[in-house]
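[1] sequence isn't available, so here's the structure alone:
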């Protein structure tokens, strides 16, 4: 399996998929066509979303096929597609639509067998984890089950940040993740701050990008995973 | 029906259920025993949670019966209980446990028939709404369906606040609620800032507390609902 799991897409300076350009280019080597999964997009049309990502990855020469388009399944099954790219947005809607349209099983099979690489950011990174229990998103639709692709043996928390808006009484991210582990003591969470990602290949997940990731596991202190750390997956 | 739906429990000065003391006392008039529903509590035991709330409402003289205790159902069915109080915490765990243990249907029936009043804060306010789609919580367990009590004809967003932590690229609360309305254009959301609540009786829900609530509805600008506003429910 070859996975690129990014915390986010937008750099602090507003650039879209710019901070991870080299990692994306490496992941797209040898790829002519990629399936783009736009279902996490809520406030823009899936055509517009696909066009936005097509623009951003234009330097790689990869041509996107939107998973929402009628011709996508035929191309996917015909073997014309070498990569899957899953955009961010709302994780619940992403999982709900992937499940309903049959893409969850198809993507799982194509990526596990090594026929296609998998790239996802934000909700798209969550989808690669064991379950979507550690998304930060509002549950705007019921995905009919929280189980996700499980391409890595942990859950992912993207946009990791332990701050709260001033004056707010809600839980911090660390408290939320600690509660997840109380309810699910058999699971681990890898939290990715914005600007960081995991590169998975050859049985290793390597922390890359700007900031250290963190590992949350029941009964253990939160562990810093500096850039360059390799986890066995 | 007589409902008291609070955004939060903890005042900015750390006081627990202090800022709403008068509203709670009014709601508990004539009540000797109340069912306390602790299932949203994750990082403290349900016994400890019940004891903490019992302390906070001691001035009302009400005696709590924890819904997690073996003797709760007997007392509930025997007619010994005049009020339901649902504490905050994790909304997903609250709904999951209420559904699994049969309390969802029992509470619905008792409150709609007027046999018991309903008081809830945070997750407990969410539970009174149509669905839990507009909770802010992490989905740490699957509640097996997002439908909630529907005691009011809208969804509730507690801890309403449109700020983000500095440097964070995630969605604001307003963006999240706008996305909920795109996916669910037939629903409305009443957002309650911390320090505010809704008092529902006689077919009206009145905004009370410190700050204006907000109404979010598809295709309409966000509407301010100043303290004192009455909504027909």
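    In hand now; what should we look at? Not measured: the values here are computed from a predicted model. Numbers count the residues shown, from 1 in each chain, chains lettered A, B, ... in the order given.

[2] mind listing the strands for chain A?
    Assigned by DSSP state E, chain A shows strands spanning A:2-6, A:33-37, A:63-66, A:83-86, A:117-121, A:155-160, A:188-193, A:196-201, A:204-209, A:213-217, A:223-225, A:230-232.

[3] can I get the ones you listed in JSON lines with mean pLDDT?
    Shown next, in JSON lines, are those (pLDDT from 0 to 100):
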{"stretch": "strand A:2-6", "mean pLDDT": "98"}
{"stretch": "strand A:33-37", "mean pLDDT": "98"}
{"stretch": "strand A:63-66", "mean pLDDT": "98"}
{"stretch": "strand A:83-86", "mean pLDDT": "98"}
{"stretch": "strand A:117-121", "mean pLDDT": "98"}
{"stretch": "strand A:155-160", "mean pLDDT": "97"}
{"stretch": "strand A:188-193", "mean pLDDT": "98"}
{"stretch": "strand A:196-201", "mean pLDDT": "98"}
{"stretch": "strand A:204-209", "mean pLDDT": "98"}
{"stretch": "strand A:213-217", "mean pLDDT": "98"}
{"stretch": "strand A:223-225", "mean pLDDT": "97"}
{"stretch": "strand A:230-232", "mean pLDDT": "95"}
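
[4] out of the ones you listed, the one nearest residue B:224 is which?
    Closest approach to residue B:224 among those (CB to CB): strand A:155-160, 29.3 Å. For every residue, glycine as well, the C-beta is placed using N, CA and C.

[5] which parts of that closest one are buried?
    A:155, A:156, A:157, A:158, A:159, A:160 (16 or more other CB atoms under 10 Å in any protein chain shown).

[6] likewise stretch A:24-38?
    Buried residues in stretch A:24-38 (16+ other CB under 10 Å): A:24, A:27, A:28, A:31, A:34, A:35, A:36, A:37, A:38.

[7] thinking again about what came up before, among the buried residues of strand A:155-160, which are within reach of chain B?
    residue A:159 (CB under 8 Å from any CB of the partner chain).

[8] just give me the closest of the buried residues of stretch A:24-38 to chain B.
    In terms of CB to the nearest CB, no member of these lies closer to chain B than residue A:38, at 14.2 Å.

[9] pull the number of nearby residues for the closest residue to residue A:172 other than its chain neighbours.
    The shortest distance from residue A:172 to any non-neighbouring residue, by CB to CB, 6 or more residues apart in numbering or on different chains, is to residue A:162 (5.2 Å). Applying other CB atoms under 10 Å in any protein chain shown, we find 15 other residues in the vicinity of residue A:162.

[10] give the contact list for residue A:162.
    In this structure, residue A:162 makes contact with A:172, A:173, A:174, judged by CB atoms under 8 Å, 6 or more residues apart in numbering or on different chains.

[11] burial count for residue A:119?
    29.

[12] dump the residue contacts of it.
    Contacts of residue A:119 by CB under 8 Å, 6+ apart are A:3, A:4, A:5, A:6, A:24, A:27, A:34, A:83, A:84, A:85, A:86.

[13] wait, the last one touches residue A:37, no?
    Yes - the pair residue A:86 and residue A:37 qualifies as a contact (CB atoms under 8 Å) at a distance of 4.3 Å.

[14] okay, and the common contacts of those two?
    A:94, A:107, A:124.

[15] so where's chain A uncertain?
    A:166-169 (pLDDT under 70).

[16] buried sites along stretch A:143-156?
    Buried residues in stretch A:143-156, defined by neighbour count with 16+ other CB under 10 Å: A:143, A:146, A:148, A:149, A:151, A:152, A:154, A:155, A:156.

[17] between the contacts of residue A:162, which has the most around it?
    In terms of neighbour count, residue A:173 stands highest of these at 21 neighbours, by other CB under 10 Å.

[18] thank you kindly, that will do.
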